[in-house]
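Undergrad: give me a 3D structure for the following:
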Amino acid sequence: MNRRGFVGLSVAAAVGAALPFGRTLAELTEITGDLRAISSAGAATSLSASELQQLKNSLRGSLLLPGNAGYDQARRLLNEAIDKHPALVVQPTGAADVRTAVNFAREHGLLLAVKCGGHSYGGTSTCEGGMQIDLSRMRGARVDPASRRAYVAGGSLLGDLDHEAMACGLVTTAGTVSHTGVGGLTLGGGFGRLARRFGLALDNVVSVDVVTADGQFRHASLNENPDLFWGVRGGGGNFGIVTEFEFQLHPMQRQVVGGNLVFPQARARELLEAYAQISADAPAELYLDAAMSARMGGKPGVFLFSTCYSGPPEQAEQALAPLRRLGTPLSDTIKAIDYVALQRSTDQTDPRGEGRYLKSGFIDDFPASLVEALVAGFEPDPERNSTVFFQHCGRKIGDVATDATAFPHRRSTHNMFATASWPLSRDGTRHVAYVQDYWKKLEQHTDGFYTVEVADQPAADIERNFQGNLGRLRLVKNKYDPQNLFRLNANVKPTA
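TA: Numbering: from 1, shown residues only. This next block holds a predicted model:
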């Protein structure tokens, strides 16, 4: 360990030793006066020092105010172009704290945001001037191998679930980036490397514990509060805060075959056409993403295939054969690999310290006109990273009826994304404009969008995106959140 690291640890240990047992710097911060805040309607309001003190005293977790240690870390999201400042942050340690925070927000009419992993591209897991409930102190997963169930705390990250489940030879669909929050991913859908084989993450939810807008703790399953259980699986955070998930797990060998094939971007048209056919014919055990990317600095762009084959090892080469016929790549990292390691392998492709903008939409087929629009509209720029990529859908995902859960996009073959990122030190206006203009050329080929990625869609488009499930979702919203406390999401407005 270097000298600076040693000194830092020594100082931290000395400070910790001086604190009362079990307390943190943030929890010991004094409340010195009233606090200005923003209501859910956008009006200015004020919280008295006595009200804040009462809230703090009722929590086992932390109450963080601007200037407190830990406040800036809590409020920030992965997309650091989003720079909002909540008036107060509550970090619950369990369901009781969540109930306390929800009751406080409702009783004081506060704008309320809920953060799990902080991956929200649109910034809905933080807010300006309201209350943020940061679930980062509610993490952990417990696996029952006999029943093939995982019990996952509401603030957990996908890596927590993967690590515990795979240790027992069990898995469920859990995204492609291990530091994604379980709550945000699952409640909106939950794609991943195993979704074509085992269904979306939400298709594998057996039950949830939810704190609803009235501060009540409710268990929801097919047999208990079934309307709420239906709504949270695809309706996102519209109804409350999930404090625990129960997932169905599936047996799977630990070793899979996965990695990337990288080709020159100059072959993009040909490779997109090949991807359309190969991905359509792929077995359920093969997950195949594709991306066209040009990096900052003017380096030559690339076209990438990202694979995960989770079926019988002896059939891997047969499944991958169509990719092998595409010729010699610039790079080939496909190999036998530990599944949990593969799940972590793309963690660093979600860069921190950059501004990012994204548009996304589902496609139900892959016509030649889409390939033409993708190639013609793609514009590299030496001052940004420009990427268009596809997430593989189909198979088991599409076997579920569109009204079985609140998630309606069962017929989609791919989820299509266009993104740009740039250094935070530079103005991102023209890069955002590029994505918006590019997306206009692609959007006609889409059939709705992934609500997890909601950024700047109009409210009417968000509601229309739930398609035939909107009416039933509104009934659930009317019952469990009639005042629309939980509105910073793909919001379904109540009519109660």
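Undergrad: going forward, measure contacts between C-alpha atoms and count neighbours the same way
TA: Will do.
Undergrad: worst-scoring helix or strand of the protein, pLDDT-wise?
TA: helix 3-18 (a mean of 35; mean pLDDT, DSSP states H and E).
Undergrad: mean confidence score for whichever helix or strand comes after it?
TA: The helix or strand immediately downstream of helix 3-18 is strand 35-38, counting by DSSP states H and E. Averaged across strand 35-38, pLDDT comes to 98.
Undergrad: buried stuff in strand 35-38?
TA: With burial defined by 16 or more other C-alpha atoms under 10 Å, the residues of strand 35-38 counted as buried are Leu35, Ala37, Ile38.
Undergrad: surely the second one touches Ala87?
TA: When you say that, I think you mean Ala37. Yes: if you go by C-alpha atoms under 8 Å, Ala37 and Ala87 touch, sitting 5.5 Å apart.
Undergrad: what do the two both touch?
TA: Gly129, Gly130 (C-alpha atoms under 8 Å, 6 or more residues apart in numbering).
Undergrad: any stretches of the stretch 1-150 of the chain with poor pLDDT?
TA: For the stretch 1-150 of the chain, the stretches with pLDDT under 70 are 1-29.
Undergrad: again but with the stretch 151-300 of the chain, I slipped
TA: Residue ranges of the stretch 151-300 of the chain with pLDDT under 70: none are present.
Undergrad: gap between the most centrally placed residue in the chain and Ser120?
TA: Most central in the chain under C-alpha atoms, centre = their mean is Leu185, positioned 4.2 Å from the mean C-alpha point. According to C-alpha to C-alpha, to the nearest Å, Leu185 and Ser120 sit 10 Å apart.
Undergrad: identify the contacts common to these two.
TA: Common neighbours of Leu185 and Ser120 (C-alpha under 8 Å, 6+ apart) are Val452.
Undergrad: re earlier: reformat the buried residues of strand 35-38 as a markdown table; add distance to Ala336.
TA: Formatted as a markdown table, these follow (distance: C-alpha to C-alpha, whole Å):
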| residue | distance to Ala336 |
| --- | --- |
| Leu35 | 56 |
| Ala37 | 53 |
| Ile38 | 52 |
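Undergrad: of all the residues you listed, which comes closest to Leu326?
TA: Ile38 (56.0 Å; C-alpha to C-alpha).
Undergrad: which helix or strand contains the residue nearest to the centre of the chain?
TA: Per DSSP H and E: helix 182-188 holds Leu185.
Undergrad: looks like the residue nearest to the centre of the chain contacts Gly175 (just checking).
TA: Yes: counting by C-alpha under 8 Å, Gly175 is a contact partner of Leu185 at 7.4 Å.
Undergrad: if we can go back for a sec, chain center to the helix holding Leu185, what's the gap?
TA: From the chain centre to the centre of helix 182-188 is a distance of 6 Å (C-alpha atoms, centre = their mean, to the nearest Å).
Undergrad: for stretch 152-167, same thing?
TA: On C-alpha atoms, centre = their mean, the centre of stretch 152-167 falls 14 Å from that of its chain.
Undergrad: repeat that for stretch 84-91.
TA: The answer for stretch 84-91 is 20 Å, by C-alpha atoms, centre = their mean.
Undergrad: for it, measure first residue to last.
TA: 17 Å.
Undergrad: try stretch 75-93
TA: This stretch, stretch 75-93, spans 17 Å end to end (C-alpha to C-alpha).
Undergrad: equivalent analysis for stretch 315-329, please.
TA: Using C-alpha to C-alpha, the two ends of stretch 315-329 sit 22 Å apart.
Undergrad: hmm, who's touching it?
TA: With contact meaning C-alpha under 8 Å, 6+ apart, stretch 315-329 is reached by Val257, Leu261, Val262, Phe263, Ile278, Ala282, Pro283, Leu286, Tyr309.
Undergrad: Asn204 contacts Thr172, doesn't it?
TA: Yes: Asn204 is within contact range of Thr172, at 7.1 Å (criterion: C-alpha under 8 Å).
Undergrad: more neighbours, these two?
TA: Thr172 (29 against 21; other C-alpha atoms under 10 Å).
Undergrad: now the more buried one: how far from Gly298?
TA: Applying C-alpha to C-alpha, the value for Thr172 to Gly298 is 40 Å.
Undergrad: common neighbours of Asn204 and Thr172, please.
TA: By C-alpha under 8 Å, 6+ apart, Asn204 and Thr172 have these common neighbours: Phe198, Phe247, Gln248, Leu249.
Undergrad: so who does the last one touch?
TA: Leu249 sits next to Arg148, Arg149, Ala150, Ala165, Leu170, Val171, Thr172, Asn204 when contact means C-alpha under 8 Å, 6+ apart.
Undergrad: just the closest of the residues you listed to Lys479, please.
TA: Using C-alpha to C-alpha, these come closest to Lys479 at Asn204, 24.8 Å.
Undergrad: contact partners for Trp230?
TA: Trp230 makes contact with Ala404, Thr405, Ala406, according to C-alpha under 8 Å, 6+ apart.
Undergrad: and those, which are buried?
TA: For the contacts of Trp230, buried by 16+ other C-alpha under 10 Å: Thr405, Ala406.
Undergrad: please report the distance of the nearest residue to Asp144 once chain neighbours are set aside from Leu286.
TA: Among residues not flanking Asp144 along the chain, Ala150 sits closest, at 6.3 Å (C-alpha to C-alpha, 6 or more residues apart in numbering). Ala150 is 24 Å from Leu286, where distance means C-alpha to C-alpha.
Undergrad: Ala321: neighbouring residues, count only.
TA: Neighbour count of Ala321, defined by other C-alpha under 10 Å: 11.
Undergrad: re the thing from before, which residues touch whichever helix or strand comes after the helix holding Leu185?
TA: Using DSSP H and E, the next helix or strand after helix 182-188 towards the C-terminus is helix 195-198. For helix 195-198, the surrounding residues in contact (C-alpha under 8 Å, 6+ apart) are 172-173, 201, 204, 250, 284-287, 392-397.
Undergrad: can I get whichever helix or strand comes after helix 195-198 in PDB, CA atoms only?
TA: Counting by DSSP H and E, the element after helix 195-198 in chain order, helix or strand, is strand 205-212. In PDB, the C-alpha atoms belonging to strand 205-212 read as follows (Å, rounded to 0.1, in the frame of the first residue of the first chain):
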ATOM      1  CA  VAL A 205     -40.500 -12.700 -10.100                       C
ATOM      2  CA  VAL A 206     -42.500 -14.900  -7.800                       C
ATOM      3  CA  SER A 207     -43.400 -12.200  -5.200                       C
ATOM      4  CA  VAL A 208     -42.500  -8.700  -4.000                       C
ATOM      5  CA  ASP A 209     -42.700  -6.700  -0.800                       C
ATOM      6  CA  VAL A 210     -43.800  -3.200  -1.600                       C
ATOM      7  CA  VAL A 211     -44.200   0.000   0.400                       C
ATOM      8  CA  THR A 212     -47.000   1.800  -1.400                       C
END
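Undergrad: which strands or helices does strand 205-212 pack on?
TA: Here strand 205-212 touches helix 95-107, strand 217-221, strand 240-248, going by 3 or more C-alpha pairs under 8 Å, 6 or more residues apart in numbering; DSSP states H and E.
Undergrad: redo the ones you listed as TSV? Include mean neighbour count and distance to Gln343.
TA: Shown next, in TSV, are the helices and strands packed on strand 205-212 (neighbours: other C-alpha atoms under 10 Å; distance: least, C-alpha to C-alpha, whole Å):
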stretch	mean neighbour count	distance to Gln343
helix 95-107	21	29
strand 217-221	18	28
strand 240-248	24	18
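Undergrad: could you dump those to CSV with distance to Glu51?
TA: Below are those laid out as CSV (distance: least, C-alpha to C-alpha, whole Å):
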stretch, distance to Glu51
helix 95-107, 9
strand 217-221, 23
strand 240-248, 23
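Undergrad: so which of these is nearest Ile337?
TA: Shortest distance between Ile337 and the helices and strands packed on strand 205-212, using C-alpha to C-alpha, is found for strand 240-248: 23.8 Å.
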